[in-house]
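Student: let me see the structure of the following:
(2 chains)
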Amino acid sequence: MSDLAEGRPAELTIDEYKSGEKPTWCPGCGDFGVLNAVYNALLAKGYNSKDVVCISGIGCSSRLPYFMSTYGFHSIHGRAMPIATGIKVGNPELKVLAFGGDGDAFAIGAGHFVHAVRRNLDLTYVIMDNAIYGLTKGQTSPTSMVGFQTKTTPSGSNDRPLNPLMLAITAGATFVARAFSGKPKELADLIVKGIDHKGFAVIDVFSPCPTFNKVNTFKAYREEVASVPANHDPSDKVAALGLANSEHPLYTGVIYEDTGVPTYEESLSKLHVGGEENRRKVIDGMLARYS
Amino acid sequence: MTAIHDIVIRVAGESGEGIQSTGILLAQAVARGGFHVITYWTVPAEIKGGHALFQVRLGDHRLYAQGDQVDILLAFNQEAYDLNTKDLREGGLLLYDSADFTPPETGRWRQVPVPLTDIAKNQLKFELGKNVVAVGVCSALFGLPTQHAERLLRDRWQRKGEEVVQINMRALQAGIDYVERNVPNREEYRIEAPPIRPNTIVLSGSQSLSLGTLAAGANFFAGYPITPASDVMEFLASELPKTGGTVIQAEDEMASIAMCLGASYAGRKALTSTSGPGMSLMMEALGLGTMAELPVVVVDAQRAGPSTGLPTKHEQGDLYLAALGGHGEVPRIVIATTGVEDSFYQAINAFNLAEKYQCPVILMSDTVLMMRMEAIEKPDLNKVEVIDRLLFEPNGHSQVHPEEGGFLRYAQTETGVSPMSIPGMPGGQYVATGLEHNDTGRPRYDPRTHSTMTEKRFRKMAHAVLDAPPPDRHGDPDAEIGIVTWGSTMGNVIEAVDRLAERGLKVDAIAPKMLWPLPDHQLRDFVMNKRKVIVVEVNYSGQLAQLLAARYRNDLVRLNTYGGVPFKVADIVNFVESEVAQRV
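Tutor: Predicted coordinates for the structure are as follows:
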């Protein structure tokens, strides 16, 4: 575990990162725990809120940026990843965190998710996974279990659930972790590790919806989750897939990490053979070529 | 015989056979000789195989349209002959590669075999030189002084060494020699060479537009390949990194536009380019751009739709989509370029408007214009004005609690434009959002907030319209007959107006550059005061006509074509004449 106090200026408190806007979540929502963990992770990093951008799509969890005093972009359903890509590439100095739910990331945003992952931008994507659509009042999601009964699947869902960790690892993610909103200290620590990882960090967080999901509850997760074995080597992709694939228990912690892949922004900046000062010269050169 | 002032040469054959390179070389060579030139090019949607043509129209005066009829047809094969002789004018000249086929004598045109393949393969032992032989053939016909083509070949191949230059020179000369020996009586194709115009460049519509975005300060591009918009992406992929800019090939068009919005939020000048199918996919995010008030430019190189439609064919069918597409009330600006030269300047205008009014701007071009090459006056970069967004002045405080008087990102102002912060600026923290929001950017759904914020977004448009670039005008301002058109169709209209004037009929034409919101101060008097107004556009439903009718008058006359090809000038001339005749 990294020391949460490391790098923290003495005068900072988590209030630095609070916006004063009251969260819109139901009482008992797992997302409160995630929000607190984000505050604590930023505090641990000691970031100035002006240098942080929190990006989200649409869904209950995607409201998170409003509760932050940082810069933020609450975008549209499924598009958090390309918005984040534009921001991070637009200014690589920014500390970029993205948030969203399982529907946002793995249904409408699934196409963007795999491409953001394979580009390996240096950002941290925290997915609040409650296996339900909450904001639309309880429909089945890509991580809902087979047989899961909702208003849109009254006879139980036929679609097999997607495994976010295996998807991320096979798409080429360089940091994949799982956390549980009911284990807030481990969650905050994992967010710090995700931020510290130089590359794309995926953190899938079990964040129960007490209102619409009576199956994937705090109680149910508490009985199933277990920290990754102490001897697990996160750089071992095959072992990581084994842990990711396990249903009993559901492992939390760093499942996979590859530190050897250059970030997208680094690769793009290597293409730069000049800067803004060259603009006139480049245009004049093109004009000469067409003469 | 009377002197001719312009001529149309069409090279036609199998796609992938070098039709395009022959045409481009020819266009560049004639431009160096001082001639005005405009090209027209169609290709099949398939990569190799299928019929392609490249048409070069050259003249001693400014040209605006591709030419209605072909004066000289160079057919590389039988299929080219079969498909193109219908456009060859009575008494024109047919040249055909005799290695491939021998057409029957029809007596309707003059026909001369040109053994292009044989000359290249057997005489020069340089099979790839067939295109350069063809350039020699064409330029000898209308009397282009040899040195222009020679200098072009030297410039083009110098880097590959003297040997390559020389073999191309021999190919050029072989084409010229063949014509001089075998095609007597060439006077009827000869055009008096105009004075050399030293400040001229030859480029395509997409190159001109791309250069314009560079001049406007673009430094971020995300896009997804699509015909006929990919040229912009390919151009910028090689040029933007030289200025520290970035090009990303996204996974789809939804991602392209979202990346641009993200980059714009982070302070970049961002654009994407696409065509109809991609435009359709971008609609939701364009609404986000309007709501979050982010500058972004979207190039829509229109092609014939709906759906996949005719991917390489021409249509002006996206105006409704550009102006009105999307759910809710989503005000945005639509700019249309009318020509190759204009594309450079409208790209700059599009960026300036996006930055000044913090909103998406759609820059409309079309297949014909993107692919057209023209010899234009080199743009003067010193005259380019670049406008940047209104920025918030950082107040030095790093932490903002909006309820305690934080940054008012969406502050109400007279113009609707609010100062904008960029991440990293202390005290400027806010959440850009697609939700309705108050002046700090917090979601609020009360009636007053939605009303005042809707008004703010539309108030920006009311001011932006006053910054509309001047429209193109052509013809007699006192004429009773008016034509309104847009995009590249203006070129065909200009030539029609001139031809009608020669026949004693006065017509006045206008093409607005800002299509949405409608620039009332440019259009109202024109549309209301002409006795008859004809709206000319390449679509079935008369999209501009409908927008004008809703605003001004419902007796507008429409002239439309919708076959995937542009208007012929004669079609417009005939229509206007028949409309005038109907009055009596």
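Student: so what's A:Leu121 up against?
Tutor: A:84-85, A:88-89, A:96, A:199-200, A:263-265 (C-beta atoms under 8 Å, 6 or more residues apart in numbering or on different chains). Where you see a C-beta, it was placed from the backbone N, CA and C, and this is true even at glycine.
Student: now B:Gly18: closest residue in space, sequence neighbours ignored.
Tutor: Once flanking residues are discounted, B:Gly18 sits nearest to B:Asn131: 4.4 Å by C-beta to C-beta, 6 or more residues apart in numbering or on different chains.
Student: now for the helix or strand that contains that neighbour, which elements pack on it?
Tutor: For B:Asn131, the element it lies in under DSSP states H and E is helix B:130-142. The criterion is 3 or more C-beta pairs under 8 Å, 6 or more residues apart in numbering or on different chains; DSSP states H and E, and the helices and strands that helix B:130-142 contacts are strand B:6-14, helix B:19-32, strand B:70-75, helix B:116-118, helix B:146-157, helix B:162-182.
Student: and the pLDDT at the residue of the stretch 101-250 of chain A found nearest chain B?
Tutor: Closest approach of the stretch 101-250 of chain A to chain B (C-beta to the nearest C-beta) occurs at A:His115, with a separation of 4.2 Å. The model reports A:His115 with a pLDDT of 98.
Student: surely it is in a strand?
Tutor: No. Counting by DSSP: H, G, I helix; E, B strand; the rest coil, one finds A:His115 to be helix, located in no strand.
Student: mind listing what A:Val215 touches?
Tutor: By C-beta under 8 Å, 6+ apart, A:Val215 lies in contact with A:131, A:145, A:148.
Student: of those residues, select the buried ones using a ChimeraX command.
Tutor: Entered in ChimeraX, the line below selects the buried ones among the contacts of A:Val215, by 16 or more other C-beta atoms under 10 Å in any protein chain shown:
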select /A:131,148
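Student: ok, back up a step: quick one, what contacts the closest residue to the residue of the stretch 101-250 of chain A closest to chain B other than its chain neighbours?
Tutor: Leaving aside its chain neighbours, A:His115 sits nearest to B:Glu251 (4.2 Å; criterion: C-beta to C-beta, 6+ apart). Shown in contact with B:Glu251 (C-beta under 8 Å, 6+ apart): A:111-112, A:115, B:224.
Student: among those, which one has the most neighbours?
Tutor: A:His112 (27 neighbours; other C-beta atoms under 10 Å in any protein chain shown).
Student: that older thread, correct me, but the residue of the stretch 101-250 of chain A closest to chain B touches A:Met81?
Tutor: Yes. Here A:His115 reaches A:Met81: they are 7.4 Å apart, a contact under C-beta atoms under 8 Å.
Student: quick one, which of the helices and strands packed on helix B:130-142 is nearest to A:Leu190?
Tutor: A:Leu190 sits nearest to helix B:19-32 of all the helices and strands packed on helix B:130-142, at 55.7 Å, using C-beta to C-beta.
Student: other SSEs contacting the closest one?
Tutor: Applying 3+ C-beta pairs under 8 Å, 6+ apart, we find helix B:19-32 packed against strand B:6-14, strand B:36-42, strand B:51-59, helix B:130-142, helix B:146-157, strand B:200-204, strand B:373-377.
Student: tell me the most buried of these?
Tutor: Of the helices and strands packed on helix B:19-32, the one with the most neighbours on average (mean count of other C-beta atoms under 10 Å in any protein chain shown) is helix B:130-142, at a mean of 27.
Student: give me the mean pLDDT for that helix.
Tutor: So the average pLDDT for helix B:130-142 ends up being 93.
Student: what sits in contact with each of A:His115 and A:Met81?
Tutor: Both A:His115 and A:Met81 are contacted by B:Ala255, under the criterion C-beta under 8 Å, 6+ apart.
Student: how about stretch A:183-200: buried residues?
Tutor: A:183-184, A:186-195, A:197-200.
Student: let me redo that: stretch A:147-165
Tutor: For stretch A:147-165, the neighbour count (16+ other C-beta under 10 Å) marks A:148, A:150, A:153, A:157, A:161-165 as buried.
Student: quick one: contacts of stretch A:23-33?
Tutor: A:35, A:60-61, A:63-64, A:67, A:128, A:130, A:181-182, A:184, A:187, A:205-211, A:218.
Student: quick check: PyMOL command selecting the buried ones in these.
Tutor: Command for PyMOL, covering only those of the contacts of stretch A:23-33 found buried under the criterion 16+ other C-beta under 10 Å:
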select buried, chain A and resi 35+60+61+63+64+67+128+130+181+182+184+187+205+206+207+208+209+210+211+218
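Student: now, which of the contacts of stretch A:23-33 lie within helices?
Tutor: A:35, A:184, A:187, A:218 (DSSP state H).
Student: ok, now how distant is A:Ala220 from A:Pro208?
Tutor: Relative to A:Pro208, A:Ala220 is positioned 8 Å away (C-beta to C-beta, to the nearest Å).
Student: same thing with B:Pro228?
Tutor: Using C-beta to C-beta, B:Pro228 is found at 51 Å from A:Pro208.
Student: likewise B:Asp555?
Tutor: Using C-beta to C-beta, B:Asp555 is found at 65 Å from A:Pro208.
Student: B:Gln69 now?
Tutor: Counting by C-beta to C-beta - B:Gln69 and A:Pro208 are separated by 74 Å.
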